[in-house]
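Here is a sequence together with a model predicted from it:
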Amino acid sequence: MKHIRSFLLTAVFLLAPTVVSLAGPASPPDVLVQKVVITSNKLGQACATITLTNPSPTRVMITLHSVDYKVSGRWITNQSVPGVVTADLAAPAVDVMAPAQTLVCPPVRFPTNATWRLRFRFWEQRQGFKGAVEKAQSKVEGIVAGRAPSDSWSGRTYTVETPELAP
């Protein structure tokens, strides 16, 4: 009986249909929040230093998207970013990360005495043939308009949030 069961399991395994993915190549990995360090600034105010890493093979544009607050155990998401945070992150309001680049954001003061987290938005440059066409169009449009060509960021877009931060 054991031999028959082993034979049947082996036959099922060998004859099982192979799954073929029609979804195309996998998306590149998202930018990672590598590290968050809680510290304080010269005035003794609580701050968070956030380190982001781009493991993707593509360049990404980054901007601060929103802040989320935890109230009574529930997250209130996508709230406008308070002035205290934008003042701290004014320099890299929009930044570009190269493949494999690590970006250390300036220390961000805590905007509240409640639990919070930051949400960043990323845009990728389109890759492949369509990406090459978009880059060429951007260069031509810049030359025609008499300005420097700009980068096109019409690839995948996504958000990434920091872990929750509490004072």
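Looks like it came in fine. As the structure is a computational prediction, the values presented were derived from the model and not from experiment. Numbers count the residues shown, from 1 in each chain.

part of a helix, is V85?
Yes: per DSSP: H, G, I helix; E, B strand; the rest coil, V85 lies within a helix segment.

What residues does it make contact with?
Contacts for V85 (Cβ atoms under 8 Å, 6 or more residues apart in numbering) come out as 64, 67, 108-109, 111, 118. C-betas here are computed from N, CA, C, even on glycine.

Turn these into a markdown table, columns for distance to V144.
Shown next, in a markdown table, are the contacts of V85 (distance: Cβ to Cβ, whole Å):
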| residue | distance to V144 |
| --- | --- |
| L64 | 33 |
| V67 | 40 |
| V108 | 41 |
| R109 | 44 |
| P111 | 44 |
| L118 | 39 |
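
Now tabulate those residues in TSV and tack on pLDDT, secondary structure and distance to S154.
What follows is those, written out as TSV (pLDDT from 0 to 100; DSSP: H, G, I helix; E, B strand; the rest coil; distance: Cβ to Cβ, whole Å):
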residue	pLDDT	secondary structure	distance to S154
L64	83	strand	21
V67	86	strand	27
V108	83	strand	29
R109	83	strand	34
P111	80	coil	32
L118	88	strand	25
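
ok, and the most crowded of the residues you listed?
Using other Cβ atoms under 10 Å as the neighbour criterion, V108 leads these with 26 neighbours.

can you pull up the bridge partners for that residue?
For V108, the beta-bridge partners are A48 (DSSP bridges).
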